[in-house]
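K.L.:
The following block contains a protein sequence and its predicted model.
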Amino acid sequence: MIQTTNKTLLEQLQITELEIARRKEFLGFSEDDVALLLSCKELITRHIDAIVTEFYEKQTAIEEIALLIGDSDTLARLHSAQRAYILGLFDGYYDIEYVNNRLRIGMVHKRIGVEPKLYLSAVKTLKDGIDAALNRYLEDKEHVSKVMGAIDKLLYFDTTLVFDTYIRSLLAEVELAKDKVQNYAKELEGKVAERTHQLHELSRRDPLTGLYNQRSLRDYLRRELMVASRHKRPFCLIYFDVDAFKQINDTRGHSSGDEILRMIGEALLNVSRESDFPCRYGGDEFCLALPECNLANAELTCKRLIEQFKARVSSVTLSIGVVQTGPEEFVDPEELLRLADAKMYEAKSHAGFKICT
Ligand SMILES: Nc1nc2c(ncn2[C@@H]2O[C@H](COP(=O)(O)OP(=O)(O)OP(=O)(O)O)[C@@H](O)[C@H]2O)c(=O)[nH]1
């Protein structure tokens, strides 16, 4: 964004003494013109109030302008500003201060919403008013015509300055709107990325327990078994299910069954390390994948899992199978799952909380 408040309008528009001189040159505004304008200073000062009053009578007759001005206080303020403006035209000083004032007029017109067509019609009205006043009070019509020539150049000079600031102000608004749109787009992008991430996470989880689901376990095993094989590290998979879960559902009710599954989720999360992968495989079957872990350590994990489970649920047992693959020879994920499932079934044939390795 353009930071404007620490620069004057002259600086913002890069208008220097040299630039002012060049603009006057373009319009053929010379010392002769200055002298012509100065020659009428006294006359204009004497009749200024009549000129300004006549100007605003004409201006307020136009409905759009009357609406823009709005109230009598504003009209009074405009009256005194226009008075100063007209006197300035005949003052003989068309220097950097004069230019700065004209630039500010452009800013004000943009701010209050005076469109170029209204501004230009006001300039025309002013010029006609000055022309009429000079013709009314001066005998020498040739002189009047010369003075009006000088006025013409000066009004062109002023108008270019007013339009420079007007356009600059418009550009600043466009920049601001562009910044706003860009920020909004960035914000949206961030939100979409966040939602996409959330959806992706949801698609990998089991809603009841919050554990990973079977699909994400397969993805995980494909990836991690390759890593383990590359680094020649042992990898274990614990596979277990609840004994007689159907009966539990039937006798205690489905919601009690759900609660038991949730408790298994808690117990599993409690015994998992950061790198482990706790998963609800489906129904009452669960897995815990343990990278960089041998059978002995996996068995210890099973015992801790049983403890955690017992602390939460009574009169329910688990059957647990554990297999290791690596560190030299590795089976693929499907084979690992099949072997672990077979071990779990082996455990089923014994009484509760049996661990088969
Ligand atoms: N409450 C509840 N029950 C479920 C859910 N998902 C599956 N089940 C039930 O889990 C039971 C699993 O039964 P089975 O596969 O026969 O196993 P089991 O009764 O534990 O028998 P064994 O495995 O031989 O000990 C079925 O009755 C399913 O309806 C669930 O999300 N909530």
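P.N.:
Ah, there it is. On a predicted model such as this, the values are computed, not experimentally measured, just so you know.
K.L.:
Residue 135: neighbouring residues, count only.
P.N.:
Residue 135: 13 surrounding residues under other C-beta atoms under 10 Å. Any C-beta I mention is one placed from the backbone N, CA and C, and that applies to glycine too.
K.L.:
and whichever residue of the chain sits closest to the ligand, what element?
P.N.:
Of all residues in the chain, the one sitting closest to the ligand is residue 257 (2.7 Å; C-beta to the nearest ligand atom). Assessed by DSSP states H and E, residue 257 sits inside helix 254-271.
K.L.:
Give the rounded mean pLDDT of that helix.
P.N.:
Here helix 254-271 scores 96 as its mean pLDDT.
K.L.:
ok, the helix or strand following it near the ligand or not?
P.N.:
Sequence-wise, the next helix or strand downstream of helix 254-271 (DSSP H and E) is strand 277-282. No - looking at strand 277-282 against the ligand by C-beta under 6 Å from any ligand atom, there are no contacts, and the closest approach is 7.5 Å.
K.L.:
Same question for strand 277-282: list its buried residues.
P.N.:
277, 278, 279, 280, 281 (16 or more other C-beta atoms under 10 Å).
K.L.:
Now do whichever helix in the chain runs longest against strand 277-282, angle only.
P.N.:
The single longest helix within the chain, with elements called by DSSP state H, is helix 141-204. For helix 141-204 against strand 277-282, the angle by axes from the mean of the first three to the mean of the last three C-alpha atoms, to 10 degrees is 70 degrees.
K.L.:
elements contacting helix 141-204?
P.N.:
If contacts are counted by 3 or more C-beta pairs under 8 Å, 6 or more residues apart in numbering; DSSP states H and E, helix 141-204 sits against helix 17-27, helix 31-39, helix 72-89, helix 96-112, helix 116-137, helix 214-231.
K.L.:
one more time with 10 Å, if that's ok
P.N.:
Judged by 3 or more C-beta pairs under 10 Å, 6 or more residues apart in numbering; DSSP states H and E, helix 141-204 is in contact with helix 9-12, helix 17-27, helix 31-39, helix 72-89, helix 96-112, helix 116-137, helix 214-231.
K.L.:
Just want the angle from it to helix 31-39.
P.N.:
Note on geometry: by the same axes, to 10 degrees, helix 141-204 and helix 31-39 are set 100 degrees apart in direction.
K.L.:
I'd like the average pLDDT over helix 141-204.
P.N.:
93.
K.L.:
mind checking the SS state of residue 94?
P.N.:
At residue 94, secondary structure determined by DSSP: H, G, I helix; E, B strand; the rest coil is coil.
K.L.:
is it true that it touches residue 29?
P.N.:
Yes - if you go by C-beta atoms under 10 Å, residue 94 and residue 29 touch, sitting 7.6 Å apart.
K.L.:
Now for those two: what residues contact both?
P.N.:
23, 37, 154, 157 (C-beta atoms under 10 Å, 6 or more residues apart in numbering).
K.L.:
In contact with the third one, which residues?
P.N.:
Contact criterion C-beta under 10 Å, 6+ apart gives 24, 27, 29, 33, 34, 37, 88, 89, 90, 94, 98 as the residues in contact with residue 154.
K.L.:
What number of neighbouring residues does the last one come out with?
P.N.:
Put plainly, it is residue 98. Using other C-beta under 10 Å as the criterion, residue 98 is surrounded by 19 other residues.
K.L.:
Counting neighbours, what do you get for the residue lying closest to it once chain neighbours are set aside?
P.N.:
Nearest residue to residue 98, sequence neighbours excluded (C-beta to C-beta, 6 or more residues apart in numbering): residue 88, at 6.6 Å. Residue 88: 17 surrounding residues under other C-beta under 10 Å.
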